[in-house]
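Enquirer: The sequence isn't on hand, but the structure is:
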């Protein structure tokens, strides 16, 4: 894995420990994340100008809010870069407890928007706990797979314990309802359990049960059934249940190869609902064309690829927590991006999931920045491309060896000098 030292990014990176020298991070991952963040800010402004002017009498209303969210996300990322992985591992259970508490609180005093109670209101700011829970579940499960790895691989009890917690989280999310977040968290946990070495038959049974449960939930609610039927044939009812998807497909068709130009979208003019949130990718395809759409897909593919490379480097260094956390974050961001892109292109049923690092929304932007920062912290602690394979060991093991190591070169030099003095004295006496 290629990593680079970046002395100029002092505003993002803290002063590293003296034994590490300058703060090093994965430049490819950082570049992809920053490009997605900047391009998302531009496209949110482009997609929201008309609706902001009509509803808020300020065409740049969403620009100021999204810019503030990005600023908070970057500050949160800078704080996360200062926290060593060992503290994340220790705080995992407390993070999960905090997430469960917030999911219960939002059901009691949460704010309802568009028929869903997913937000906690803090003045003009709405906070969505499910975005935070996604990261907290990954951190907790990464630590659990380290602490109980043998139990998970050898017994059914160790395998079922985390799944009970995931089932509880899924139940609370469905009660909001937030079926998309429940699906992303469940699939991410299943992927991490599979990488943690769960027996194949256990994984197959659990995967079948979870798939059946999610399918039952999907058809248990009338509005979810309507979404599924409209996804199969949106043109059967293009002015009601299939309206969002048909307008998104029209946007893709108008974009052609190079797009109609930045800011020239027609579908965002009150035709495409949620153009600056869930269906931002459709506006990108219309204004930037097939080339712009493929570029976004490539950037997310690079993001996931670097996450798995960082996880592999951590595993080689002996840090299983860092490896599981990197794998989990990569699966989370990749799966959520895949679902959002699939919904926009009409290959998946409509789900209320944002595009990470791009769609409008404070909770999504901030937690996406925190997730990328945690990946950068893992790559900093284990920069495999900057050290020989013989030195790929965990920080604890390396520190222990340094403390117990005997300064052999100095001892040899002293003994050599003493022998030389003795030989000279013997020669002098014989002379």
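Expert: Nice, I can see it. Everything numeric here is computed off the predicted structure, so don't read it as measured data.
Enquirer: helix or strand right after the helix ranked longest in the chain?
Expert: In the chain, taking DSSP state H as the definition, the longest helix is helix 280-316. Counting by DSSP states H and E, the next helix or strand C-terminal to helix 280-316 is helix 320-345.
Enquirer: Checking the residue nearest to residue 247 when sequence neighbours are not counted next. Helix, strand or coil?
Expert: Of all residues not flanking residue 247 in the chain, residue 272 sits nearest, at 4.4 Å (C-beta to C-beta, 6 or more residues apart in numbering). Every C-beta, even on glycine, is put in place using the N, C-alpha and C of the backbone. Here residue 272 is coil, with the state taken from DSSP: H, G, I helix; E, B strand; the rest coil.
Enquirer: how far away is residue 162 from residue 154?
Expert: Distance check for residue 162 against residue 154: by C-beta to C-beta, to the nearest Å, it reads 15 Å.
Enquirer: Those two: which is more packed in?
Expert: residue 162 (21 against 12; other C-beta atoms under 10 Å).
Enquirer: Can you spell out which helices and strands pack onto whatever helix or strand that one lives in?
Expert: Using DSSP H and E, residue 162 sits within helix 156-175. Using 3 or more C-beta pairs under 8 Å, 6 or more residues apart in numbering; DSSP states H and E as the contact test, the elements touching helix 156-175 are helix 85-109, helix 129-147, helix 149-154, helix 179-195, helix 200-220.
Enquirer: ok, and for the shortest one, which residues are buried?
Expert: Residues of helix 149-154 classed as buried: residue 152 (neighbour count, 16 or more other C-beta atoms under 10 Å).
Enquirer: what's the average pLDDT for it?
Expert: Per-residue pLDDT over helix 149-154 has a mean of 82.
Enquirer: Tell me the helices and strands packed up against it.
Expert: helix 156-175.
Enquirer: How far off centre is the helix it packs on?
Expert: Mean C-alpha position of helix 156-175 versus that of the full chain (C-alpha atoms, centre = their mean, to the nearest Å) differs by 20 Å.
Enquirer: same check, this time on stretch 256-272
Expert: 29 Å.
Enquirer: what's the span of it, first residue to last?
Expert: Taking C-alpha to C-alpha, to the nearest Å, the first and last residues of stretch 256-272 lie 18 Å apart.
Enquirer: That one: which residues count as buried?
Expert: Those would be 259, 260, 265, 267, 268, 271, 272, for stretch 256-272 by 16+ other C-beta under 10 Å.
Enquirer: Now flag whichever of those residues is closest to residue 115.
Expert: residue 272 (19.7 Å; C-beta to C-beta).
Enquirer: if I look at that closest one, how far off is residue 344?
Expert: Residue 272 is 10 Å from residue 344, by C-beta to C-beta.
Enquirer: Nearest to residue 292 among the buried residues of stretch 256-272?
Expert: residue 259 (6.0 Å).
Enquirer: looking at this, residue 373 is in a helix?
Expert: Yes. With three-state DSSP as the criterion, residue 373 is part of a helix.
Enquirer: my guess is it contacts residue 75, does it?
Expert: No. Taking C-beta atoms under 8 Å as the definition, residue 373 is not a contact partner of residue 75, at 10.3 Å.
Enquirer: ok so, going back, which neighbours do residue 272 and residue 344 share?
Expert: With contacts defined as C-beta atoms under 8 Å, 6 or more residues apart in numbering, the residues shared by residue 272 and residue 344 are 248, 279, 282.
Enquirer: Now secondary structure, distance to residue 149 and pLDDT too, for the buried residues of stretch 256-272, in JSON lines please.
Expert: What follows is these, written out as JSON lines (DSSP: H, G, I helix; E, B strand; the rest coil; distance: C-beta to C-beta, whole Å; pLDDT from 0 to 100):
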{"residue": "259", "secondary structure": "coil", "distance to residue 149": "49", "pLDDT": "91"}
{"residue": "260", "secondary structure": "coil", "distance to residue 149": "53", "pLDDT": "93"}
{"residue": "265", "secondary structure": "coil", "distance to residue 149": "50", "pLDDT": "88"}
{"residue": "267", "secondary structure": "coil", "distance to residue 149": "49", "pLDDT": "87"}
{"residue": "268", "secondary structure": "coil", "distance to residue 149": "49", "pLDDT": "86"}
{"residue": "271", "secondary structure": "coil", "distance to residue 149": "52", "pLDDT": "84"}
{"residue": "272", "secondary structure": "coil", "distance to residue 149": "47", "pLDDT": "84"}
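Enquirer: Residue 118: which of those is nearest?
Expert: Nearest member of those to residue 118, counting by C-beta to C-beta, is residue 272, at 21.8 Å.
Enquirer: what sits against that closest one?
Expert: 244, 247, 248, 251, 279, 282, 283.
Enquirer: Neighbour-wise, which one of these leads?
Expert: Neighbour max across these (other C-beta under 10 Å) = residue 282, 32 neighbours.
Enquirer: what's in contact with the longest strand along the chain?
Expert: Taking DSSP state E as the criterion, the chain has its longest strand at strand 116-122. Here strand 116-122 makes contact (C-beta under 8 Å, 6+ apart) with 102, 105-107, 109-111, 113, 126-130, 176-178, 352.
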